[in-house]
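Enquirer: Fold the following for me, if possible:
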Amino acid sequence: MKAVMYAEFGPPDVLGIHEVDRPTPRPGEVLVRVHATTVTRAETLMRRGRPRWGRLILGVSRPRRNRRTPGLEFAGVIEATGADVHRFAPGDQVFGFAGFHLGACAEYVCLPESASLEQKPVGISFEAAAAAVDGPSTALYFLRDRAHVRRGQHVLVNGASGSIGTYAVQLAKHFGAEVTAVCSARNAELVTDLGADHVVDYHEEDFSSHHDTYDVIFDTITASSFARCRRALTPHGCYVPTTGLINWPLGGWTALRGGRTVRPGMSVEKKGALAFVKDLVESDGLRIVVDRNFPMDRIVDAHRYVDQGHKVGNVTVTIGR
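Expert: Residues are numbered from 1 along each chain as shown. The predicted model follows:
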């Protein structure tokens with residue numbers, strides 16, 4: 001089978017397409033023929049070996065052998081199952097999360113039946129389904145499970161036009177919040193269409209100057225900090241970052257101190273979230289934003305585009321068709 005691989009950290013040019021053995025599902029596993037995947041900012045950082053502390057997982061001097069094929073999220077068709085598989089059967093259309101072992105940017109990927117995998121939403125393309133995995137499940141985890149967003153609250157989404165932010169705006173509205181979206185002026189119309197009540201152009205205005213305003217500040221790109229956002233929060237508001245090692249000790253300290261808090265987290269297990277997302281997509285309650293689609297043989301171009309830092313929503317990759 002064909003798989004995108006890289007043997008060293010670096011720019012997009014380290015990526016290449018190689019012929020490798022097709023995996024065989026063991027008991028309790030499923031083999032998925034991948035039809036589409038995505039390129040995320042997280043993957044481009046992994047490709048570069050950043051942040052440096054991440055190399056303890058990725059590989060110190062070069063990528064570990066089991067992490068040389070990118071691809072976090074995917075959609076495809078169950079090709080075969082191992083023994084004792086009960087949730088899925090050959091021919092099922094699915095979408096899911098490969099986890100931080102990656103591997104979805106290939107013609108086939110093998111996963112445990114218990115992995116973050118769900119029946120694909122009906123009526124959308126494989127590309128759209130692949131783009132409806134990590135972004136909405138991450139936004140759901142941080143907004144619902146960490147920030148406990150509820151009706152009547154005021155939620156600010158920093159990075160509102162990105163692959164997490166476009167879903168965060170919609171989910172915050174779904175939970176009944178008033179939403180302020182932070183993005184560039186060129187994306188103001190998009191986030192307004194997604195449900196934002198207010199838009200802040202970060203080139204023109206600093207949202208942190210809005211003192212005592214937001215119950216939740218969801219920083220999808222970790223471009224800010226609790227120190228900067230603290231005064232913009234209401235007295236019992238919370239700053240919710242998706243990354244940043246410093247936010248873990250801050251989370252413990254602010255929880256003990258009371259008042260304004262930091263609520264970090266790690267959204268890895270997504271199986272339950274995918275069922276929620278599937279239902280929301282099928283009921284037209286969630287719009288999937290795809291910026292550009294690339295064929296697999298243009299994977300270098302796809303990574304170059306994401307590296308520029310200006311993508312809107314998701315960048316998808318079609319595999320093998």
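Enquirer: just how off-centre is stretch 307-318 within its chain?
Expert: 12 Å (Cα atoms, centre = their mean, to the nearest Å).
Enquirer: Contacts for the host helix or strand of Gly135, please.
Expert: Per DSSP states H and E: Gly135 is located in helix 134-140. Outside helix 134-140, the residues that touch it by Cβ atoms under 8 Å, 6 or more residues apart in numbering are 38, 40, 72-73, 97, 116, 163-168, 171, 218, 220, 242, 267, 270, 273-274, 276-277, 280, 286, 313-314. Every residue, glycine included, has its C-beta placed from N, CA and C.
Enquirer: need the next SSE after the worst-scoring helix or strand of the chain on mean pLDDT, C-terminal direction.
Expert: Least confident helix or strand, the chain: helix 55-58 with a mean of 75, by mean pLDDT, DSSP states H and E. Using DSSP H and E, the next helix or strand after helix 55-58 towards the C-terminus is strand 73-81.
Enquirer: circling back: chain center to the helix holding Gly135, what's the gap?
Expert: Distance, centroid of helix 134-140 to centroid of chain: 6 Å (Cα atoms, centre = their mean).
Enquirer: same question, stretch 154-173
Expert: For stretch 154-173 - counting by Cα atoms, centre = their mean - the centre lies 12 Å from the chain centre.
Enquirer: Can you measure across that stretch, start residue to end residue?
Expert: Terminal residues of stretch 154-173 are spaced 10 Å apart (Cα to Cα, to the nearest Å).
Enquirer: Helices of this protein, residue ranges please.
Expert: 41-48, 55-58, 126-130, 134-140, 165-174, 188-193, 226-229, 247-257, 271-282, 299-307 (DSSP state H).
Enquirer: quick one: which of those is nearest Phe88?
Expert: In terms of Cβ to Cβ, the element of the helices of the chain nearest to Phe88 is helix 271-282, at 12.4 Å.
Enquirer: and that closest one, average pLDDT?
Expert: Here helix 271-282 scores 95 as its mean pLDDT.
Enquirer: what sits up against that helix?
Expert: With Cβ under 8 Å, 6+ apart, helix 271-282 has contacts from 95-97, 114-124, 132-133, 136-137, 140-141, 174, 267, 286, 288.
Enquirer: got the angle for that helix vs helix 165-174?
Expert: 80 degrees (axes from the mean of the first three to the mean of the last three Cα atoms, to 10 degrees).
Enquirer: For helix 271-282, buried residues please.
Expert: Ala273, Leu274, Phe276, Val277, Lys278, Leu280, Val281 (16 or more other Cβ atoms under 10 Å).
Enquirer: With stretch 43-63 instead?
Expert: For stretch 43-63, by 16+ other Cβ under 10 Å, it's Glu43, Thr44, Met46, Arg47, Arg48, Gly49, Arg55, Leu58, Gly59, Arg62, Pro63.
Enquirer: Excluding chain neighbours, what is closest to Leu143?
Expert: Leaving aside its sequence neighbours, Leu143 sits nearest to Val149 (Cβ to Cβ, 6 or more residues apart in numbering; 4.7 Å).
Enquirer: And that neighbour, how far from Val169?
Expert: 12 Å (Cβ to Cβ, to the nearest Å).
Enquirer: I'm done for today, thanks for sticking with me.
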